[in-house]
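Asks: Need the 3D shape of this:
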Amino acid sequence: MSSLQIRFLGGTHEVGRIAIAVKTEKTQVLLDYGVMFNHKPGFPMHIPPKDVDAIILTHSHLDHSGAIPIFYIHGKKPLYANKLTSELNQLLISDFIHLSSYYLPFEYLELKSMMRNSKHVDFDVEEKIGDIKFQLLNAGHIPGSAQILIEAEGKKLLYTSDFNTVDTRLLEGAKTEYDDLDAVIIESTYADEDHKERLELEKLFVAGITDVVERGGIVLVPAFGVGRSQEIACILAAHHFEYPVTLDGMAREAARIMMNYRQFLRDPKLFMDALHSADWVEGWRDRRKATKKPGVIISPAGMLKGGPSVFYISKIGKKTNDAIFLVSYQIPGTPGRQLMEKGVCVIDGKMRKVKARVEHFDFSSHCGASELKEVVKKLGGNPKIYVVHGAEGNCDLFAKWIKKELGLEAIAPKAGDAFKV
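Replies: Presented below is the predicted three-dimensional model:
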């Protein structure tokens, strides 16, 4: 009798703090252990570190990785991830500690211990932790991102984590040729909507930017520092955009790291060209200079919560011939969402109406509804499906669709729920 157990510790009915424990009689591993961002960081359910044999990390975003240093306060757990994910994760958690240390139970010391205990795993290479075998498969979400395929107790379990099956300028789409599976844990971020066709979206985006710049304006593109910023630079290069492009904030450090791992990128030459032709901001003088000449400024934070984009918006938001093009998902309650829906933003300490043109381009790094459905339709075996990582009812919505249309058993688990495979 199989005794493979899955327990959901976070990321159920929400986007953030995803954490999943997978356990056999002898071994227990954690798949991701992230944080939730509200006013202060929220953590997944507690699991005694002594009960965990290892942690497997799918990618560096903090909603998947931000709480992992907790396991290094008193111990040394092996952390499995590929080398690029490991380095980007160090960058993101270091920044997280810098910004939120007041709320965190860990410090730089734990981050150092986490890095010392990192074990590097390449895509498609089988690894063993006790009686659990696993491999990482490309997830097409951000550079280095992975899905996890687990074999234990004679069962096969797939955790998609965040994934995207569509090729982008930066990455090849996720691999979805799996053998027969017994259980699948799948994300549902966009279970309710489709994304615009990529090339069409790129053309609209580049045309919009060119229009503003040729009239003497500046376009601020607030973008996530890891993944989205570099993709926007690649899109501009691919469309032979010939005006100044400025790169600021964490986008620079992340780009430097990615330059050493070109094997993870779809078109390394385009990537290098895009980054070599951009101006890199090295300090406040460069920052002020960037706001004086027509061009594009790519800068975190993608939802305008901090980062240099806050400085830029105070300059660009006041001018009617400038523009702000949002290219990242805007979580409800964030400054980016307020700007998108109400056209207002905090400028010089006051909530003001933004005079610049504001547009949103959905350059998502997640599957849209059609891609999600396609992946589930193609699955072999008769797997049980667990739907996670979706806000505003998307987990239930997608689970219902799977049951009704495909006749598979599908559940949108709650935090704390445990299931036998």
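
Asks: Tell me where the stretch 101-250 of the chain has strands.
Replies: Remark: strands assigned in the stretch 101-250 of the chain by DSSP state E, counting those that start in this stretch are 118-120, 127-129, 132-138, 146-152, 155-159, 181-187, 218-222, 245-247.

Asks: among the ones you listed, which is the most enclosed?
Replies: Among the strands of the stretch 101-250 of the chain, strand 218-222 has the highest mean neighbour count (mean count of other C-beta atoms under 10 Å), at a mean of 28. To be clear about C-beta, it is placed using only N, CA and C from the backbone, and glycine gets the same treatment.

Asks: what packs against it?
Replies: helix 198-214, strand 295-299, helix 309-316, strand 323-326 (3 or more C-beta pairs under 8 Å, 6 or more residues apart in numbering; DSSP states H and E).

Asks: winner for burial among those?
Replies: For those, the highest mean count by mean count of other C-beta under 10 Å goes to strand 295-299, at a mean of 26.

Asks: Nearest to residue 197, out of the strands of the stretch 101-250 of the chain?
Replies: Ranking the strands of the stretch 101-250 of the chain by proximity to residue 197 (C-beta to C-beta) places strand 218-222 first, at 20.2 Å.

Asks: And for the closest one, what's in contact with it?
Replies: With C-beta atoms under 8 Å, 6 or more residues apart in numbering as the test, strand 218-222 has contacts from 208-209, 212-213, 232, 290-291, 293-304, 307, 309, 312-313, 316, 319, 322-328, 336, 356.

Asks: export that strand as CSV, just CAs?
Replies: Coordinates of each C-alpha in strand 218-222 appear next as CSV, following Å, rounded to 0.1, in the frame of the first residue of the first chain:
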residue,chain,number,x,y,z
ILE,A,218,9.9,59.3,-21.3
VAL,A,219,8.3,55.9,-20.7
LEU,A,220,8.8,54.4,-17.3
VAL,A,221,8.4,50.6,-17.3
PRO,A,222,8.1,49.4,-13.7
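
Asks: Now find how far off-centre that strand is within its chain.
Replies: 21 Å (C-alpha atoms, centre = their mean, to the nearest Å).

Asks: Report pLDDT for residue 38.
Replies: Per-residue pLDDT puts residue 38 at 67.

Asks: Equivalent analysis for the one 4 residues further on, please.
Replies: The confidence metric pLDDT takes the value 90 at residue 42.

Asks: ok, now which ones touch it?
Replies: By C-beta under 8 Å, 6+ apart, the neighbours of residue 42 are 16-17, 35-36.

Asks: Tabulate these in a markdown table, adding columns for secondary structure.
Replies: Putting the contacts of residue 42 into a markdown table (DSSP: H, G, I helix; E, B strand; the rest coil) gives the following:
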| residue | secondary structure |
| --- | --- |
| 16 | coil |
| 17 | coil |
| 35 | coil |
| 36 | strand |
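
Asks: Which two of those have the greatest separation?
Replies: Every pair of these checked by C-beta to C-beta; the farthest is 16 and 35, at 7.0 Å.
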